[in-house]
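Visitor: Could you work out the structure for the sequence below:
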Amino acid sequence: MKRLNRLVLLLAIIAMAGCANKQKEAPVEETTLSGLKKSNFQKEINGKPVDLYVLKNANGVEVTVTNYGGRIVSVMVPDKEGNMKDVVLGFDNIDDYVNVNNNFGATIGRYGNRIAHGKITVEGVEYELPRNNFGHTLHGGPEGFDTKVFDATQPNEQSVVLSYLSVDGEAGFPGNLKVKVTMTLTNDNAIDLQYEAETDKETVVNLTNHSYFNLSGDANNTILNHLLMINADEYTPIDNTFMTTGKIDKVEGTPMDFRTPTAIGDRIDSDFAPLMNGGGYDHNWVLNTKGDISQVAATVYSPATGIQLEVYTIEPGVQVYAGNFLDGTVTGKYGAVYGKRNAICLETQKYPDSPNKPDWPSSYLKPGEKYSSRCIYKFTVKQ
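Guide: Residues are numbered from 1 along each chain as shown. As a prediction, this is how the structure comes out:
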């Protein structure tokens, strides 16, 4: 009987030790389909919490978003073989987004693109904005919306809502501007971006998204073999400071003509002044769509993967930037080195420097009005 009692006691001790060991073992953290860990994005920045929000649709497509800068971090879509590929550039942790100067996936504001000499006039008053690009203000200046922490809510597994109050005088702009960005992953494999804004004082606003796309699914690769189509008969040429000249020129007979799908690399280094001024494609095209979001504004297609991106918008223009300033000094997700022309951006927008060009579509917003913009990035597969 004593021997039996000892055996029972020994088994009890072993069982208790096993439970203790299990308690000591850290739980395995779940990663996203793209391999990201939420814990690498959970931090407090400027007194506000930052996190990674995961969107999934019925097809297994996954998009991740961080509320730091309102950024799209990853986009996992199927290629022609059914393999899931991440088709945007970015980082796998929040510290790199903060410490490395970048616009990867960011919500851009108050004013996407350039404002000449950092000056705007609103209600007869001239405002000076911080200059950060060849004497001009680019993407809202050095502390634009890409550096701000948005308030975030996730009403369902396919949407995230980002809100931000840009206070009067922030980055030199007038008016308290309330901004809301709703990002929705639809069941037809599209990212539907809807922007809203209201102000208490007249101001200018031009919001866009700055995702860098590489449809090969490997950001070590160039995008020069991607086929680009832009539904535009005209574009706005630039000078050697990347600023629009104020002219609107025809694409006919120039390397700017993408009305039929053409490899990005075919003419990117042509002896053509506006193209040479940009160091490649970094221009605004005047869309033929005239605000009709049912018409495709642009497409990009990777022959290697069969993945095609279709862009739809209510905006009058799209800035197409072919990654000319990526220089191999930044390493992102999966250890990819982001080299020259390894990505393309398609930023739907008002034309650059519209506040200083009264004949162009207006970017002014008055109290009592509501700014609204919409861009859809839809992913399909071509065999």
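
Visitor: hang on, residue 230 packs against residue 313?
Guide: No - here residue 230 lies out of contact with residue 313, judged by C-beta atoms under 8 Å, at a distance of 12.0 Å. C-beta here means a position set from N, CA and C on the backbone, and glycine is covered the same way.

Visitor: For the two, list the residues in contact with both.
Guide: Overlap of the contact sets of residue 230 and residue 313 (by C-beta atoms under 8 Å, 6 or more residues apart in numbering) consists of 287, 297.

Visitor: where does the stretch 51-200 of the chain have low pLDDT?
Guide: Within the stretch 51-200 of the chain, no stretch falls below the threshold (pLDDT under 70).

Visitor: Please enumerate the strands of it.
Guide: In chain order, the stretch 51-200 of the chain shows strands spanning 52-56, 62-66, 71-78, 84-86, 106-108, 114-115, 119-122, 125-128, 137-138, 151-156, 159-166, 177-185, 190-199, with DSSP state E, counting those that start in this stretch as the criterion.

Visitor: Which strands and helices lie in contact with the very next helix or strand once past the last one?
Guide: Scanning the chain past strand 190-199 towards its C-terminal end, the next helix or strand to appear is strand 203-204 (assignment: DSSP states H and E). Here strand 203-204 touches strand 119-122, strand 364-365, going by 3 or more C-beta pairs under 8 Å, 6 or more residues apart in numbering; DSSP states H and E.

Visitor: do you know which of the ones you listed lies nearest residue 102?
Guide: Of all the helices and strands packed on strand 203-204, it is strand 119-122 that lies closest to residue 102, at 25.5 Å by C-beta to C-beta.

Visitor: what's that closest one in contact with?
Guide: Taking contacts as C-beta under 8 Å, 6+ apart, the residues outside strand 119-122 that touch it are 126, 127, 128, 129, 173, 174, 202, 203, 204, 355, 356, 364.

Visitor: what's near enough to touch the last one?
Guide: By C-beta under 8 Å, 6+ apart, the contact list for residue 364 reads 122, 202, 203, 204, 355.

Visitor: same check, this time on the first one
Guide: Each residue near residue 126 by C-beta under 8 Å, 6+ apart is listed here: 119, 120.

Visitor: separation between it and residue 169?
Guide: Here residue 126 is placed at a distance of 14 Å from residue 169 (C-beta to C-beta, to the nearest Å).

Visitor: And the last one, by the same measure?
Guide: In this structure, residue 364 and residue 169 are 18 Å apart, going by C-beta to C-beta.

Visitor: Give the bridge partners for residue 199, please.
Guide: Counting by DSSP bridges, residue 199 forms beta bridges with residue 177.

Visitor: so who does it touch?
Guide: With contacts taken as C-beta under 8 Å, 6+ apart, residue 199 has the following neighbours: 175, 176, 177, 178, 205, 365, 366, 367, 369.
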